[in-house]
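# Below: sequence and its predicted model.
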Amino acid sequence: MPHTVIIHAKSVRTHLDKLEKWGLSGTAFEIDGVETDKSIECYLKIIDFLTENNFKRSDLLVAFGGGALLDLVGFVAATYMRGVDVIFVPTTLLAMVDASIGGKNGLNRPWAKNIIGTTYLPKKTVIDIEFLSTLPEDQLYSGYVEMVKIAALSDDGFLQKLHYPPTLEMIDQARQLKEEIVKEDLLDHGKRALLNFGHTVGHALEVLNKFKMHHGEAVQHGIQVEMELLNAPDDFIQTVGKKLPYNKKIPSVETDAFLSALKKDKKNLGEKIGISNPFYRQGGGYIRYFSVNDVLDAYLRVLVS
Ligand SMILES: NC(=O)c1ccc[n+]([C@@H]2O[C@H](COP(=O)([O-])OP(=O)(O)OC[C@H]3O[C@@H](n4cnc5c(N)ncnc54)[C@H](O)[C@@H]3O)[C@@H](O)[C@H]2O)c1
């Protein structure tokens with residue numbers, strides 16, 4: 001029998017016994033399971049725990065928590081002894097519809113998000129919406145923004161029918177839409193860039209806020225600014241805008257810090273800032289490129305409107 005280590009967020013301690021229903025039990029290791037845990041320090045803490053407990057290549061990791069914990073434990077799984085099996089059990093809406101799919105994992109540095117990471121698929125993912133019963137509403141909104149994003153990328157009417165709070169069927173549909181894109185482009189050389197819609201500006205805002213803003217909230221502001229930059233059709237702006245759950249007010253930013261964060265985006269080409277393009281069917285490719293000043297101008301236009 002493989003030895004199972006369940007790495008879980010403090011916030012889901014009360015749900016641990018529910019894992020047995022899914023045939024999962026083992027040694028529990030608790031971490032805070034928050035964004036600042038996506039760090040080299042926390043990564044090494046887990047590696048050291050596994051080593052001290054003689055965790056072997058044939059053993060099993062379970063990642064039980066939100067997207068931050070999944071990204072961290074996914075990276076541990078990918079790199080401990082060059083790769084061990086991991087089962088993802090997402091406990092936030094965002095992790096269910098987004099972070100648990102597609103195998104991307106990552107650690108942050110204080111000046112850049114997800115700057116370290118690999119692509120490594122979990123052996124299995126368990127979705128159980130019972131875990132959402134303890135999730136605060138502002139965190140549910142965060143996942144809902146990613147559902148709006150994936151719906152905005154699809155042309156099958158999902159955006160129109162999507163509503164808050166989402167049903168299990170909607171969660172399944174959002175998962176499927178992401179899985180289809182990932183299947184076409186696992187290693188992110190083409191279409192997968194679409195999933196970053198709203199994230200160039202969103203990630204810059206997260207850096208500026210020292211990762212204290214909810215990921216989904218930052219992405220919501222990012223979507224608003226990127227729609228302006230891409231000159232999105234009015235009906236698209238209206239439909240997407242109506243679904244976005246947080247207060248629509250865009251935060252003002254310190255210009256130099258904002259531009260410096262934008263310049264670190266992985267989609268950039270030379271000096272140009274890469275923006276995911278949901279309108280690729282009309283041309284322009286999956287990523288369109290703009291000058292930093294174009295992005296700043298769009299930001300300021302949305303900020304004052
Ligand atoms: N790998 C990917 O493809 C991918 C995609 C999207 C986002 N992400 C990453 O996901 C992270 C954001 O994930 P998130 O929104 O889940 O936030 P999170 O993981 O930071 O969780 C938010 C908070 O909710 C707590 N929590 C988790 N489950 C809970 C529950 N059931 N009840 C009560 N509290 C609970 C967490 O402990 C944390 O304090 C970011 O780091 C982002 O970069 C990764």
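Yep, it's here. Residues are numbered from 1 along each chain as shown.

# Around the ligand, pick out the residues from this structure.
Residues of the chain found near the ligand (Cβ under 6 Å from any ligand atom) are 9, 11-12, 33-35, 38, 65-69, 71, 91-92, 94-95, 98-99, 102, 104, 114, 131-132, 134-135, 139, 142, 215. C-beta coordinates here come from the backbone N, C-alpha and C atoms, glycine included.

# Narrow those to those in strands?
9, 65, 114 (DSSP state E).

# ok, the last one - how many residues close by?
Looking back up the chat, that one is residue 114. Neighbour count for residue 114, taken as other Cβ atoms under 10 Å: 17.

# With residue 106 instead?
Neighbour number of residue 106 under other Cβ under 10 Å is 17.

# ditto for residue 83
With other Cβ under 10 Å as criterion, residue 83 counts 12.

# cool, residue 3 as well?
15.

# Pull up the gap between it and residue 84, please.
Distance, residue 3 to residue 84, by Cβ to Cβ, to the nearest Å: 11 Å.

# which residues do those two both contact?
With contacts taken as Cβ atoms under 8 Å, 6 or more residues apart in numbering, residue 3 and residue 84 have 55, 59-60 as neighbours in common.

# Highest neighbour count among these?
residue 55 (22 neighbours).

# wait, isn't that residue in contact with residue 80?
Yes: contact criterion Cβ atoms under 8 Å: residue 55 and residue 80 qualify, at 7.3 Å.

# In contact with residue 45, which residues are there?
Going by Cβ under 8 Å, 6+ apart, residue 45 touches residue 31.

# nope, residue 119 is what I was after
102-105, 186-188.

# now residue 108
35, 38-39, 114-116, 211.

# now, among those, which is nearest to the ligand?
Of all the contacts of residue 108, residue 35 has the smallest distance to the ligand: 4.9 Å, by Cβ to the nearest ligand atom.

# for residue 7, which residues make a bridge with it?
As for beta bridges, residue 7 partners with residue 29, residue 63 under DSSP bridges.

# What about the contacts of residue 108, which one has the most neighbours?
The most crowded member of the contacts of residue 108 is residue 38, carrying 24 neighbours; neighbours defined as other Cβ under 10 Å.

# Residue 251: neighbour count?
There are 12 residues near residue 251, going by other Cβ under 10 Å.

# mind listing the helices in the stretch 1-150 of the chain by residue range?
For the stretch 1-150 of the chain, the helices defined by DSSP state H, counting those that start in this stretch cover 40-52, 67-79, 93-94, 137-153.

# Give the rounded mean pLDDT of the shortest one.
The predicted model assigns helix 93-94 a mean pLDDT of 98.

# Please name the residues that touch the closest residue to residue 26 other than its chain neighbours.
The spatial neighbour of residue 26 that comes closest, neighbours along the chain excluded (Cβ to Cβ, 6 or more residues apart in numbering), is residue 4 at 2.9 Å. Contact analysis of residue 4 by Cβ under 8 Å, 6+ apart lists 24-27, 59-62.

# Now do the same for residue 4: its pLDDT.
Listed pLDDT for residue 4 reads 98.

# ok, now which ones touch the residue lying closest to residue 289 once chain neighbours are set aside?
Using Cβ to Cβ, 6+ apart and skipping the chain neighbours, the partner closest in space to residue 289 is residue 272 (3.7 Å). Counting by Cβ under 8 Å, 6+ apart, residue 272 makes contact with 289-291.
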